[in-house]
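Peer 1: I'd like to go over a predicted model; first the sequence, then the structure.
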Amino acid sequence: MKIEDMGNMEFRFKPIGILNTPYKSKSGVPIQGIFDPESEGKATMFEAFEAGLQDIEGFSHLIMIYVFHRSQGYELVCSPYMDDKLHGVFTIRAPRRPNPIGFSVVRLRKREGRVLYLSELDMLDGTPVLDIKPFCPKFDHRQNVRVGWMENTFRDAGHRKVSDDRF
């Protein structure tokens with residue numbers, strides 16, 4: 001297949017569950033769950049997917065992949081929550097993207113049937129879950145990492161830790 005043809009491909013996804021979080025509006029959501037480790041919520045998987053949760057209790061952290069369901073449109077260049085300068089959308093984690101897909105590392109507190117009790121959340125209440133993957137430091141940690149424009153931001157401990165309504 002030619003690269004030109006790939007730009008016209010479409011993929012359809014169906015949610016496997018729904019997230020319930022304390023965040024009802026975009027304003028005030030932590031920009032990453034690590035900035036609110038005490039936040040609590042749950043992911044309720046649809047019954048058809050419950051068997052896929054087998055053995056998940058052995059993991060302390062999960063990677064939740066979801067849809068930014070309240071995001072509309074996108075901007076290829078925008079100002080992220082942590083900086084006032086413009087950056088390309090693929091260098092930030094803002095919800096207004098060509099494909100409104102998000103991911104977050106969350107802490108798994110416990111499982112009861114098809115309900116996962118979570119903390120370290122940064123998603124809106126009612127967010128549809130597309131997939132869950134186990135977080136594994138052996139796979140997910142890297143040495144000698146560069147973080148581009150964020151290098152300067154991380155040196156300034158006063159950077160914003162919660163979102164506003166701009167996205």
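Peer 2: Now that the structure is in, tell me what you want to look at.

Peer 1: from here on, contacts and neighbour counts on C-alpha atoms
Peer 2: Will do.

Peer 1: what's opposite the most centrally placed residue in the chain in the beta bridge?
Peer 2: The residue lying closest to the centre of the chain (CA atoms, centre = their mean) is Phe103, at 2.7 Å. Beta-bridge pairing for Phe103 (DSSP bridges): Ile65.

Peer 1: report the contact partners of it.
Peer 2: Residues near Phe103 by CA atoms under 8 Å, 6 or more residues apart in numbering: 63-66.

Peer 1: residue contacts, Val106?
Peer 2: Contacts of Val106 (CA under 8 Å, 6+ apart): 33, 61-64, 118-121.

Peer 1: one step back: neighbour-wise, which of the contacts of Phe103 leads?
Peer 2: Tyr66 (23 neighbours; other CA atoms under 10 Å).

Peer 1: thought that residue was touching Asn99?
Peer 2: No. The criterion here is CA atoms under 8 Å, and Tyr66 misses it with Asn99 at 11.0 Å.

Peer 1: just say helix, strand or coil for Glu151.
Peer 2: helix (DSSP: H, G, I helix; E, B strand; the rest coil).
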